[in-house]
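**Q** Next come a sequence and a model predicted from it.
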Amino acid sequence: MRRWATLLAVVLLSACVQTGSPRFEADLDQAARINTQLGLDYLRQGNIELASSRLNKALEQNDKLADTHWGLALVHAHYGEGGKARRAFDRARSLAPEDGNIIASYGQFLCDQGELDAAEQQFAKALSMPRYTTPEVAYGNAAACYQRNGDVARAEENFRRALVYNPRYARALRHLAAISYERQDYLRARAFLQRLEAQGGHSLESLVLGLRTEHALGDRTAVQAYADELLSRAPDIGTRIDLNTGEAW
């Protein structure tokens, strides 16, 4: 971060000295790219206020960078500003019509707006992009969208598709385990949880699910193993759940 800040200061100083020249335009463009990257980094860290500040500064310096508009779309979406988010997404997509990350992100936005058919079209479009390198994420986002809207069958289908591209995709394994558990298909839930454990992908929630699954299967040794792991990660977990059954107190 310090390196970016230093480079940004140099770029801006150079720009101030050469106002009106081609070099000035190039320096402004570089400053906009740096501010955009900083803004996206802040977004990933969950610091929305700083992200907004950097991205708006980048927009002042150069309004033709797709990533700047994409970042601002995510900021507006976070604040519930649907109209502004949609316009920013539209601008980002017009500047980079083959950017699978922007398209998939737009699909997620549409899903959050309840526009499921339109969201599915965007996810499919992202997946068709030759340079889109994380298809499991698009399938995972689509699955989560359907799950939030009560379509468990389509959620399961898309999580399974995600695993075709990345068999180690922890998000899909966790959700498929939970879906199997809810169907009382405890052996299948166990299988997904074992795959998750093999790659060190357990969260507290999946450990609790594992404990519940093994309780349902009657394996007391496995129940104790899950309880021990939960206690090692969260020593106060016993105040919130029954470590024999996994049920909340």
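**A** Received it, and whenever you're ready, just let me know what you need. Numbering: from 1, shown residues only.
**Q** When you work out contacts or count neighbours from here on, use the C-alpha atoms and nothing else.
**A** Will do.
**Q** same for the helix or strand that contains residue 93, what does it pack against?
**A** Element membership for residue 93, per DSSP states H and E: helix 82-95. Other elements packing on helix 82-95 under the criterion 3 or more C-alpha pairs under 8 Å, 6 or more residues apart in numbering; DSSP states H and E are helix 66-78, helix 100-112.
**Q** Which SSE is immediately downstream of the worst-scoring helix or strand of the chain on mean pLDDT?
**A** Between all helices and strands in the chain, the lowest mean by mean pLDDT, DSSP states H and E belongs to helix 2-17, at a mean of 38. Helices and strands here follow DSSP H and E; after helix 2-17, the next one along the chain is helix 22-45.
**Q** what does stretch 46-65 contact?
**A** 28-29, 31-36, 38-43, 68-69, 71-72, 75, 92, 95 (C-alpha atoms under 8 Å, 6 or more residues apart in numbering).
**Q** Now do residue 115 against residue 100, distance only.
**A** 19 Å (C-alpha to C-alpha, to the nearest Å).
**Q** more neighbours, those two?
**A** Counted by other C-alpha atoms under 10 Å, residue 115 and residue 100 do not tie: residue 100 has more neighbours, with 26 against 14.
**Q** My guess is that one contacts residue 122. True?
**A** No: no contact is recorded between residue 100 and residue 122 when judged using C-alpha atoms under 8 Å, the distance being 9.2 Å.
**Q** Pull the number of nearby residues for the residue nearest to residue 58 when sequence neighbours are not counted.
**A** Nearest-residue entry for residue 58: residue 32, 4.1 Å, with adjacent residues in sequence omitted and distances by C-alpha to C-alpha, 6 or more residues apart in numbering. Counted with other C-alpha under 10 Å, residues neighbouring residue 32 total 28.
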